[in-house]
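J.: generate coordinates for the sequence data below:
(2 chains)
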Amino acid sequence: MSASPPAPVREPAWSLSRAAIGLWVTQAVLGTVVYAVIVAAAIVFVPADAGWAVPLLRWLGPAFVLVYAVVAIGIRPRLRYRVHRWEVTAEAVYTLTGWLTRTWTLVPISRIQTVDVNRGVFQQLFGLATVAVLTASSQGTVRVPHLEVDLARRVAEDLARRAELVHDEAT
Amino acid sequence: MTGAPEAPGRRTSPWVLLLHTVTFRQARALVPAVLALGVTRGLGNGLGTVVALVVGITVLSLLGAAISWWRFSYTDGDSAVVVTRGLLSRSARTVPNDRIRGVEVEAPVLHRLLGLVRVRIDAAAGSVTSEEELVIDGVTRAEGDRLRHRLLTHAASAQDLAEGGRHAAAEPEEELLRFDYRWLVYAPLVGSYLAVPLAAGGALLRAAEELPEQFRPEFWSPDVSDTRIVVRLVVGALLLLILGSILGSALVNWRFRLLRRGGALVAVRGLVTRRHTELDIDRIRGCTISEGLGMRLVGAARVSALVTGLGDATRRGQVLPLGPVELARALSAELVDHPGPLHRHPPAARRRSIARGTTPGLLVAAAGGVLVAMTGWWPMLAAGGVLVLLGVPLGLARYNALGHVAGPRSFAMRSGWLVRSHTVLQDRAVVGWQVRQSLTQRRAGLVTVLACVGAGSGGYTVRDMAAAEAPEFAQAASGAWAATLTPYG
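T.: The predicted structure follows:
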């Protein structure tokens, strides 16, 4: 990580709520459980001498679950937390997301059409919310995931108010 | 705001009943079910059943058409168009006039016989839903023209009152383009036109499959063991394909004309179904010149305009369906300022492109290697090798297509090998930027930049540009707000 070349564009200034790590770990644990159940079911119900690749798959399945667990629970949440950033500047909303492939998204406040605050089931458990900023482009949506609820509400209100003030053509 | 509850809406022409009955518009969904029923019950006992079925379906169809005609009405008010329909659950859709992006008047063949047209009204897309279109099916030609004129005049005057209704002034027409029939020879090299005869053949075969056994025509089954017959068959099929694509292209593009009338761009075309599409010039944000692999061989291209809020840009926004590439360039330059010659991408992009081109071959070769080691079966390894060799020129060709440039008021990007598309966009079109960098791109110092646009496909990518150039490009191609991307120091 430290040896990587400098980022091509500026890093947004603020990081997400630390509770996001807990949320990602929870999601990863659930994912691991689902995969483990599927693999276990396959091992129990598919007879070992069923065909050509079955003995191999009986080993690969658990190995996959193990690797997934280590990466998704142990590594990915922390890496994500280090990478993910966001910022609202005077003119734009700016985010950085991803853990292997990184995506920087910039949307000017003058082009914002709607601002949503979404709360998923797990987000509610952790007191988090996602701010989604929509534009006229189907691909130009900025999502600031996992902010504390109060902060998310304030950000959304602020953005909506400012978007109304500087709204030009918006398309 | 757009009140007018239960205003006496206008009706479509009653002739539309006849139209929809003939085309089984409402009952079409029933036909396969009825056929299936017939087959299970045994359709065998002759013509009587078939006649009964046909009559039954026709009556059902007439009934359906009558009900939907009876419950359908539309109102074009001063501020909005309202379409009301539905038997049990009434639905009224209201589209504010300033949201109307384009109006298309089309006249399919049966409509033309009765002097009717179908009006499609495009409302601002924005959201992801595809239901942004109003269809008023079956009004007279005069009413269609009246609607088109009125709606677009409204749309424009609501947008800029200052200019004082340019549309209302006498409409000078200027012909920008007229389809030349010599361009039809390009058709066999265009994928979508080639698909026309194939689709027709497929539909015919499927229809034949669905027929009950006794009505099925007996297919001539050729003797495949004789090479001469096979060769003749193949040549014949190819000729049919070429002829079919030319015919298909001629049907769709017959007497294509592109006009500028007031503040609108009007495209008229079609032999059987006559289409009349009108686009607001103020809303054109850019255009795409696309050249398929075959089209590049003969120097042909097509141009579509990217209009804000208009979904389905490839069909509706098409301003040159098929023509010589010089003309395509000239037309696109007329629609949008061209930013100048494209900049090439760095050598790292070429390496990455070749790597991407050869990856599938390498994977196949690796699997083949394992197979050779285990069983001695070599063809897969050989196929992998061939794929790798083919991947190199493919990667180079893909790299050669890459390019981008930012000019004073617009910017452009080009990519693609199978279909090379060169998109020019105005600076004001950009509603956001997305910069993506994968692990391999990070090591190679490349990024992929996506310009988010509220027109066309919603986003246009510049793949594998030098990472250092990205912030500068974004700022030059949109505005000062994109300076947020520039790294400190």
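
J.: now name the helix or strand holding A:Val65.
T.: Per DSSP states H and E: A:Val65 is located in helix A:54-69.

J.: oh sorry, the question was meant for B:Ala355
T.: helix B:347-375.

J.: can you give me the strands for chain A?
T.: A:14-15, A:85-88, A:92-97, A:102-108, A:114-118, A:128-134, A:142-148 (DSSP state E).

J.: thought A:Arg80 was touching A:Leu96?
T.: No. Counting by CB atoms under 8 Å, A:Arg80 stays clear of A:Leu96, with 10.7 Å between them. C-beta here means a position set from N, CA and C on the backbone, and glycine is covered the same way.

J.: now do the nearest residue to A:Ala13 once chain neighbours are set aside, the pLDDT please.
T.: With CB to CB, 6 or more residues apart in numbering or on different chains as the criterion, A:Ala13 has its nearest non-adjacent residue at 4.6 Å, and that residue is A:Glu87. Looking at A:Glu87, its pLDDT is 93.

J.: and for the one 4 residues further on?
T.: According to the per-residue confidence, A:Glu91 scores 89 in pLDDT.

J.: over whichever strand or helix holds B:Val307, what's the mean pLDDT, rounded is fine.
T.: For B:Val307, the host element (DSSP H and E) is strand B:300-307. For strand B:300-307, mean pLDDT rounds to 90.

J.: shaky segments in the stretch 301-450 of chain B?
T.: Applying pLDDT under 70 to the stretch 301-450 of chain B flags residues B:309-315.

J.: so who does residue 91 touch?
T.: The chain I'm using is chain A. By CB atoms under 8 Å, 6 or more residues apart in numbering or on different chains, the contact set of A:Glu91 is A:108-110, B:480-481, B:484.

J.: ah, no, chain B please
T.: Applying CB under 8 Å, 6+ apart to B:Ser91 gives the contacts B:84-85.

J.: recalculate using a threshold of 10 Å.
T.: Going by CB atoms under 10 Å, 6 or more residues apart in numbering or on different chains, B:Ser91 touches B:71, B:83-85.

J.: those residues, buried ones only, as a ChimeraX selection?
T.: In ChimeraX, this line selects whichever of the contacts of B:Ser91 come out buried by 16 or more other CB atoms under 10 Å in any protein chain shown:
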select /B:83,84,85
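
J.: quick check, nearest of the contacts of B:Ser91 to A:Thr135?
T.: B:Val83 (27.6 Å; CB to CB).

J.: for B:Ile281, list the residues it contacts.
T.: Counted by CB under 10 Å, 6+ apart, B:Ile281 has contacts B:156, B:260-265, B:305, B:307, B:335.

J.: one more time with 7 Å, if that's ok
T.: B:Ile281 is in contact with B:263-265, counting by CB atoms under 7 Å, 6 or more residues apart in numbering or on different chains.

J.: and the longest helix seen in chain A, how far out from the chain's middle?
T.: The longest helix of chain A (DSSP state H) is helix A:19-45. Centroid separation for helix A:19-45 versus its chain: 17 Å, with CA atoms, centre = their mean, to the nearest Å.

J.: what comes up buried for it?
T.: Across helix A:19-45, burial judged by 16+ other CB under 10 Å covers A:19-25, A:27-28, A:32, A:35-36, A:39.

J.: present the residues you listed as CSV; the columns should include distance to B:Ile242 and pLDDT.
T.: Shown next, in CSV, are the buried residues of helix A:19-45 (distance: CB to CB, whole Å; pLDDT from 0 to 100):
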residue, distance to B:Ile242, pLDDT
A:Ala19, 64, 92
A:Ala20, 59, 93
A:Ile21, 62, 93
A:Gly22, 64, 93
A:Leu23, 59, 94
A:Trp24, 57, 94
A:Val25, 61, 95
A:Gln27, 55, 93
A:Ala28, 56, 94
A:Thr32, 57, 95
A:Tyr35, 52, 94
A:Ala36, 57, 94
A:Val39, 54, 91
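
J.: what does chain A put close to chain B?
T.: Counting by CB under 7 Å from any CB of the partner chain, chain A comes close to chain B at A:4-5, A:7-10, A:89, A:91-92, A:94, A:100-108, A:111, A:113, A:135-140, A:171.

J.: quick one, which of the residues you listed are buried?
T.: For these, buried by 16+ other CB under 10 Å: A:7-10, A:91-92, A:94, A:102-108, A:111, A:113, A:135-140, A:171.

J.: circling back to that earlier point, can you tell me which of the contacts of B:Ile281 is nearest chain A?
T.: B:Gly263 (15.8 Å; CB to the nearest CB).

J.: isn't that closest one up against B:Ile284?
T.: No. Counting by CB atoms under 7 Å, B:Gly263 sits too far from B:Ile284 to count as a contact (10.6 Å).

J.: let me see the domain layout of chain B.
T.: By the assignment in automatic domain parsing, chain B contains the domains B:15-169, B:341-345+B:402-489, B:356-393.

J.: break down the stretch 351-489 of chain B into its strands, ranges please.
T.: Secondary structure of the stretch 351-489 of chain B (DSSP state E, counting those that start in this stretch): strands at B:403-406, B:410-415, B:419-426, B:430-437, B:446-453, B:459-466.

J.: so for the residue nearest to the spatial centre of chain A, what pLDDT did the model give?
T.: Centrality entry for chain A: nearest residue to the mean C-alpha point is A:Pro145, 6.3 Å, by CA atoms, centre = their mean. Per-residue confidence (pLDDT) for A:Pro145: 88.

J.: what of the one 5 residues further on?
T.: The per-residue pLDDT reported for A:Asp150 equals 93.

J.: burial of it, as a residue count?
T.: Counted by other CB atoms under 10 Å in any protein chain shown, the residues lying close to A:Asp150 total 10.

J.: ditto for B:Arg178
T.: What B:Arg178 shows, counting by other CB under 10 Å, is a neighbour count of 10.

J.: do the same with the one 4 residues further on
T.: A total of 9 residues lie near B:Arg182 under the criterion other CB under 10 Å.

J.: repeat for A:Val115
T.: 20.

J.: spit out the contact partners of it.
T.: Counting by CB under 7 Å, 6+ apart, the residues that A:Val115 touches are A:131, A:133, A:156, A:159-160.

J.: B:Leu62 and B:His20 touch, don't they?
T.: No. Applying CB under 7 Å as the test, B:Leu62 and B:His20 come out as separate, 8.2 Å apart.

J.: sorry, back to before: where's the dip in pLDDT among the contacts of B:Ser91?
T.: Confidence by pLDDT is poorest for B:Arg85 among these, given 80.

J.: which phi and psi values does that one adopt?
T.: phi -160, psi 180 (degrees, to the nearest 10).

J.: sorry, back to before: now do the longest helix of chain A: which elements does it pack against?
T.: Packing partners of helix A:19-45 (3 or more CB pairs under 7 Å, 6 or more residues apart in numbering or on different chains; DSSP states H and E): helix A:54-69, helix A:76-83, helix A:121-126, strand A:128-134.

J.: please identify the most buried of the ones you listed.
T.: strand A:128-134 (a mean of 22; mean count of other CB atoms under 10 Å in any protein chain shown).

J.: how far off centre is that strand?
T.: Relative to the chain's own centre, strand A:128-134 is displaced by 11 Å; criterion: CA atoms, centre = their mean.

J.: neighbouring strands for that strand, and are they parallel or not?
T.: strand A:114-118 (antiparallel), strand A:142-148 (antiparallel) (DSSP bridges).

J.: got the contact list for the last one?
T.: For strand A:142-148, contacts defined as CB under 7 Å, 6+ apart pick out A:16-17, A:20, A:23, A:86, A:93, A:95, A:105, A:107, A:123, A:127-133, A:155.
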